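Participant: Provide a 3D model corresponding to the input given below.
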Amino acid sequence: MNNIELITQKIFSIEFLNENLAKWKNNKETIVFTNGCFDIIHLGHIKYLAQAASLGSKLIIGLNSDASVKRLKGNDRPINNQYARSFVLAALFMVDAVIIFEEDTPEILIKNISPDILVKGGDYEEKNIVGAEFVKNNGGEIQIISFIEGYSTTKIINKKNK
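Facilitator: The predicted model follows:
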């Protein structure tokens, strides 16, 4: 199998995700879930994902679809389409699965996955994290990872436009 195929295999449909989830949970893997737009991958994203992955044995990323990003961030976004964004994320060694979701929030996906650990960035408080209550009610935990100052997609875009 070549490297392109190895990367592509980590971009999951919901059916393929469910098959793998069953195997992973049966093997007592610790499932970590996070989500986002991940429009222009930068140092902050990489360190965040590395920290998230270190919390368990399988890292699943819920990726906002192009339509979802546009609704959340405006008509000029995303910069990179969902295929490109999912491929870049899947190429990272610490990522086990990427799944694109169409909704504005990953609530349905979180309920489907029922992760052991739900991770969000430092700009969130637990009370504002979609799916946090569900995860905790099912025995999981919430982890908030501090941001690395100075890194954001918006700052990169704004710097480019100056």
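
Participant: which residues in the protein form strands?
Facilitator: Along the chain, the stretches classed as strands by DSSP state E are 31-36, 58-64, 97-101, 117-121, 141-145.

Participant: out of these, which is closest to residue 15?
Facilitator: Smallest distance to residue 15 across the strands of the chain (Cβ to Cβ): 10.6 Å, for strand 97-101. Heads up, the C-betas are built off the backbone N, CA and C, glycines and all.

Participant: now that closest one against strand 31-36, angle please.
Facilitator: Calculated by axes from the mean of the first three to the mean of the last three Cα atoms, to 10 degrees, strand 97-101 forms an angle of 50 degrees with strand 31-36.

Participant: any idea how far the helix ranked longest in the chain is from the chain center?
Facilitator: If you go by DSSP state H, the chain has its longest helix at helix 14-26. Centroid separation between helix 14-26 and its chain, computed with Cα atoms, centre = their mean, to the nearest Å, is 17 Å.

Participant: before we move on, what about stretch 86-100?
Facilitator: Going by Cα atoms, centre = their mean, where stretch 86-100 is centred and where its chain is centred differ by 8 Å.
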